[in-house]
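>>> What follows is a predicted structure for the sequence shown.
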Amino acid sequence: MTDTRLPGMTVQRTISYWRMQSQMMGTLDVDPATNCLVLRAPFSYIDELGSIASSDRLIDVAWPAGWTVAIRDNRSALIDATGQTVARVGDEVSLGGGSIATAAADVTSSCTGQDSVFVASELSRL
């Protein structure tokens, strides 16, 4: 029986032995429109009046091969390939990796349908 509270997630098909070296920080969250596990990251930009504005952006993350999502302590939790809880929805995290076009990524599927995905190679809780 599938737990309907569980969000979907984008997962890498294979273990990558090369690492992109970008860092992205934000909050582990669930996209309400797609029920996908994402990173909510702050985003700053210049608006039409020339002022600096900011908002949050939901980033589709391709989690490492073997990672899953489960309910732990009544919250959606990200589980690594060894079965350990690495983060829960609402946790502030830092991801190592990099963004590439979803079509070029070796992933199970794009949970959110975004054109790019952040391929994560490591995660740290902040």
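Received, thanks.
>>> so residue 78 is in which element?
strand 75-79 (DSSP states H and E).
>>> The helix or strand that that strand is followed by - which strands sit beside it in the sheet, and in what orientation?
From strand 75-79 onward toward the C-terminus, using DSSP H and E, the following helix or strand is strand 85-88. Partner strands and pairing direction for strand 85-88 (DSSP bridges) are strand 75-79 (antiparallel).
>>> quick one: contacts of the strand it pairs with?
By CB atoms under 8 Å, 6 or more residues apart in numbering, the surrounding residues in contact with strand 75-79 are 5-7, 28, 30, 37, 63, 67-72, 85-90, 123. C-beta coordinates here come from the backbone N, C-alpha and C atoms, glycine included.
>>> Would you mind giving me the confidence score for the nearest residue to residue 105 once chain neighbours are set aside?
Distances taken as CB to CB, 6 or more residues apart in numbering put residue 117 closest to residue 105, at 5.1 Å, once the chain neighbours are dropped. With respect to pLDDT, residue 117 has a value of 94.
>>> Just to be sure, residue 117 is in a strand?
Yes - counting by DSSP: H, G, I helix; E, B strand; the rest coil, residue 117 is part of a strand.
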